[in-house]
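**Q** no sequence on this one, just coordinates:
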């Protein structure tokens with residue numbers, strides 16, 4: 001696999017420690033006993049010159065500054081960032097785009113309902129520079145500069161900001177399959193997985209590496225923050241109903257499953273306060 005992947009951030013929405021959490025783990029992070037982590041965001045490239053962001057977290061300015069391959073140059077306003085691939089319309093995945101305002105000729109891919117829902121944000125950003133907005137679910141996929149070919153795959157219909165059980169009529173969450181044209185190496189990126197699906201079952205065996213989030217190792221992982229056996233966190237974040245071990249029955253696939261806290265101590269963080277239901 002030669003798809004170049006930089007994990008800019010690996011924590012859930014709000015980062016780690018959570019600003020409103022006083023659990024032992026978040027205390028330990030504030031005291032320097034555990035490493036702090038910024039909110040989930042990934043950069044990919046096929047040639048180390050043209051970089052594409054998979055989502056744009058609110059921490060994107062700090063994340064880009066800390067990643068040497070993505071630093072600006074050689075000109076005073078040149079940047080290796082060519083665009084962004086949104087997986088959904090969650091605030092933790094889209095608000096970083098405001099930091100990138102003013103960069104000319106960026107291209108942003110997303111599913112049609114996401115592009116429609118974020119029309120006001122798109123209009124505001126277009127006042128700073130001309131950007132290109134594209135349907136990620138276009139038949140046959142699309143090719144990115146740098147030698148990557150991408151296909152998008154629906155993995156969820158839960159609308160952002162809605163309580164558990166609320167479903168939309170369209171593909172609100174998608175996963176990306178990113179393939180290096182030169183080597184055939186494949187990355188699967190699915191940061192918002194609700195339940196195990198046939199789509200993911202068919203997608204994961206094609207990958208050399210898979211990045212998943214919304215997946216708990218067990219329904220009780222978040223302790224009292226998980227109200228029932230489904231594994232859905234009280235705060236409203238989707239979670240898988242199966243363990244991470246079940247996601248990787250295929251030899252040779254490396255699966256990284258995201259979580260708010262480090263794997264060695266992930267059963268102790270929480271509980272979180274419940275989000276009020278949306279009327």
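**A** Okay, I see it. These figures come from a predicted structure and were not determined experimentally.
**Q** Relative to residue 140, how far out is the residue most central in space within the chain?
**A** Nearest residue to the geometric centre of the chain (C-alpha atoms, centre = their mean): residue 191, 4.1 Å. According to C-beta to C-beta, to the nearest Å, residue 191 stands 23 Å off from residue 140. For the C-beta atoms, the positions are set from N, CA and C on the backbone; glycine is no exception.
**Q** Identify the bridge partners of the closest residue to residue 140 other than its chain neighbours.
**A** Closest residue to residue 140 apart from its sequence neighbours, by C-beta to C-beta, 6 or more residues apart in numbering: residue 151 at 7.7 Å. Beta-bridge partners recorded for residue 151 (DSSP bridges): residue 177.
**Q** burial count for residue 151?
**A** Counted with other C-beta atoms under 10 Å, the neighbours of residue 151 add up to 19.
**Q** and it, what is it in contact with?
**A** By C-beta atoms under 8 Å, 6 or more residues apart in numbering, residue 151 lies in contact with 140, 141, 176, 177.
**Q** For residue 28, see how far away the third one is.
**A** Think residue 176. Using C-beta to C-beta, we find residue 176 at a distance of 34 Å from residue 28.
**Q** Looking at these two now, which is surrounded by more residues?
**A** Higher neighbour count among residue 176 and residue 28: residue 176, with 26 against 16, using other C-beta under 10 Å.
**Q** wait, doesn't that one sit right on residue 88?
**A** No: Residue 176 sits out of contact with residue 88 when judged by C-beta atoms under 8 Å, with a separation of 11.4 Å.
**Q** The stretch 51-200 of the chain: strands as residue ranges?
**A** For the stretch 51-200 of the chain, strands defined by DSSP state E, counting those that start in this stretch occupy the ranges 51-54, 81-85, 107-110, 132-135, 142-144, 148-156, 173-180, 186-190.
**Q** Now find how far off-centre the third one is within its chain.
**A** With C-alpha atoms, centre = their mean, to the nearest Å as the basis, the distance from the averaged C-alpha position of strand 107-110 to the chain average is 14 Å.
**Q** Kindly report the same for stretch 28-48.
**A** Mean-position distance between stretch 28-48 and its chain equals 13 Å (C-alpha atoms, centre = their mean).
**Q** returning to what we had before: please convert the strands of the stretch 51-200 of the chain to JSON lines, extending it with mean pLDDT and distance to residue 64.
**A** Shown next, in JSON lines, are the strands of the stretch 51-200 of the chain (pLDDT from 0 to 100; distance: least, C-beta to C-beta, whole Å):
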{"stretch": "strand 51-54", "mean pLDDT": "97", "distance to residue 64": "9"}
{"stretch": "strand 81-85", "mean pLDDT": "97", "distance to residue 64": "7"}
{"stretch": "strand 107-110", "mean pLDDT": "96", "distance to residue 64": "16"}
{"stretch": "strand 132-135", "mean pLDDT": "96", "distance to residue 64": "20"}
{"stretch": "strand 142-144", "mean pLDDT": "97", "distance to residue 64": "18"}
{"stretch": "strand 148-156", "mean pLDDT": "93", "distance to residue 64": "19"}
{"stretch": "strand 173-180", "mean pLDDT": "95", "distance to residue 64": "19"}
{"stretch": "strand 186-190", "mean pLDDT": "94", "distance to residue 64": "18"}
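**Q** In CSV, list the ones you listed along with distance to residue 39.
**A** As requested, those are exported to CSV (distance: least, C-beta to C-beta, whole Å):
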stretch, distance to residue 39
strand 51-54, 13
strand 81-85, 14
strand 107-110, 18
strand 132-135, 23
strand 142-144, 23
strand 148-156, 19
strand 173-180, 17
strand 186-190, 15
